[in-house]
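Peer 1: got a structure for you, letters missing:
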């Protein structure tokens, strides 16, 4: 009897297409994030301790899976899903529906990864897709910081192996190890004895991919993190009332709108928008496809930012107060 696995070469599971693997992995990812949502929120201290990374990542992942479900419905339930169409659907949903700094960065990672995949990939083609995801995520961030999701993505991109299962298992190990190391790379995490929430989220995606393609056990890095850090003697009392420390703005705009004729604005790149937002705020992330741009920024004077981007004819505008909750002392009531 033939083995369901090939030890070297293109293999993963006989008769299962890469598009199917990707769909199942993203659904599995949603389940993992849903289970870890509260813990990710507790870990969220960078760039703002506003306790929403888990919620933002979950909403982003749910929007992406809802987007490709619509594509499947349009094609007909019995039609085979085209990998290119699936990747484009993921990219568009990531631009239009991602939530928060972590959600947009993760969305760009998933977009780069998905667009680089091919049907029936060789092991090195899986590795190339992991690298493409890391590169697009880093490109989207105006001022990359180490000890974050970007660092974890770079570690994952170094995965090696002679077969598909080996590549993905190595990627999972590297993701988990990189998450642990974030505690020693980012001062705010070192101070509080925490790991980066966005990095954990990415590690959960890599685990979901490995679970689906390589049929591995469902153990994840989130399971190792426990219920929360213990408050130590002499630590300050936890903050009970959230404090507004700024505002978060997210919006979309079209790259082929009349603003393309405005001096100083290039329709074929996000760099000018990225530079503009950097001059007005912090934690800037900008992603784009051939038609749509998605932008994220934190700022104290959010009205000034809105005025500055109005020439872009923004839509799908979302503004939220950044409520610092100091979540690092465990679960809140």
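Peer 2: Looks like it arrived, so ask away. All of these numbers come straight from a predicted model, not from anything done at the bench. Numbers count the residues shown, from 1 in each chain.

Peer 1: name the element the spatially most central residue of the chain belongs to?
Peer 2: Geometric centre of the chain, nearest residue: residue 106, 1.2 Å, by C-alpha atoms, centre = their mean. Counting by DSSP states H and E, the element that carries residue 106 is helix 100-116.

Peer 1: and the helix or strand following that helix, how far from the chain's centre?
Peer 2: Using DSSP H and E, the helix or strand that follows helix 100-116 towards the C-terminus is helix 123-140. The chain centroid and the centroid of helix 123-140 are separated by 13 Å, computed with C-alpha atoms, centre = their mean, to the nearest Å.

Peer 1: tell me which stretches of this protein form strands.
Peer 2: Assigned by DSSP state E, the strands in the chain fall at 243-254, 282-288, 292-299, 315-324.

Peer 1: and of these, who's closest to residue 38?
Peer 2: Minimum separation from residue 38 across those (C-beta to C-beta) falls at strand 315-324, 16.4 Å. Yep, even glycine has a C-beta here, placed from its N, CA and C like the rest.

Peer 1: quick check: buried residues in the closest one?
Peer 2: Residues 322-324 are the ones in strand 315-324 that count as buried (16 or more other C-beta atoms under 10 Å).

Peer 1: any chance of these in a markdown table, plus distance to residue 271?
Peer 2: What follows is those, written out as a markdown table (distance: C-beta to C-beta, whole Å):
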| residue | distance to residue 271 |
| --- | --- |
| 322 | 25 |
| 323 | 31 |
| 324 | 31 |
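
Peer 1: let me know the closest of those residues to residue 102.
Peer 2: For these, the nearest to residue 102 is residue 322 (13.2 Å; C-beta to C-beta).

Peer 1: show me what counts as buried in stretch 59-67.
Peer 2: Buried-residue list, stretch 59-67, by 16+ other C-beta under 10 Å: 59-65, 67.

Peer 1: ok, so of those residues, who is nearest residue 275?
Peer 2: Checking the buried residues of stretch 59-67 against residue 275 with C-beta to C-beta, the nearest one is residue 60 at 24.9 Å.

Peer 1: low pLDDT regions in the protein?
Peer 2: Applying pLDDT under 70 to the chain flags the ranges 1-16, 69-80, 216-242, 257-269, 325-333.

Peer 1: domain-wise, how is it divided?
Peer 2: 18-222, 243-327 (automatic domain parsing).

Peer 1: spell out the residue ranges of the helices in the stretch 151-300 of the chain.
Peer 2: Using DSSP state H, counting those that start in this stretch, the helices of the stretch 151-300 of the chain run over residues 164-182, 187-192, 197-214, 221-224, 271-278.

Peer 1: nearest to residue 143, of those?
Peer 2: Across these, residue 143 has its closest neighbour in helix 271-278 (7.0 Å, C-beta to C-beta).

Peer 1: for residue 127, list the residues it contacts.
Peer 2: Going by C-beta atoms under 8 Å, 6 or more residues apart in numbering, residue 127 touches 157, 159-160, 167.

Peer 1: name the member of those residues with the most neighbours.
Peer 2: Highest neighbour count within those: residue 167, with 24 neighbours (other C-beta atoms under 10 Å).

Peer 1: which one is it nearest to, not counting chain neighbours?
Peer 2: Residue nearest to residue 167 in three dimensions, not counting chain neighbours: residue 161, with 4.0 Å by C-beta to C-beta, 6 or more residues apart in numbering.

Peer 1: please identify the deepest-packed of the helices of the stretch 151-300 of the chain.
Peer 2: Compared across the helices of the stretch 151-300 of the chain, helix 197-214 shows the largest average neighbour count, a mean of 27 (mean count of other C-beta atoms under 10 Å).

Peer 1: elements contacting that one?
Peer 2: Judged by 3 or more C-beta pairs under 8 Å, 6 or more residues apart in numbering; DSSP states H and E, helix 197-214 is in contact with helix 18-43, helix 53-75, helix 100-116, helix 149-156, helix 164-182, helix 221-224.

Peer 1: relative to helix 18-43, how tilted is the third one?
Peer 2: Relative orientation of helix 100-116 versus helix 18-43 (axes from the mean of the first three to the mean of the last three C-alpha atoms, to 10 degrees): 160 degrees.

Peer 1: now do the buried residues in helix 100-116.
Peer 2: Across helix 100-116, burial judged by 16+ other C-beta under 10 Å covers 100-116.

Peer 1: mind putting the helices of the stretch 151-300 of the chain into TSV with distance to residue 312?
Peer 2: Shown next, in TSV, are the helices of the stretch 151-300 of the chain (distance: least, C-beta to C-beta, whole Å):
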stretch	distance to residue 312
helix 164-182	34
helix 187-192	32
helix 197-214	27
helix 221-224	38
helix 271-278	7
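
Peer 1: out of those helices, nearest to residue 289?
Peer 2: Residue 289 lies closest to helix 271-278 among the helices of the stretch 151-300 of the chain, at 14.0 Å (C-beta to C-beta).
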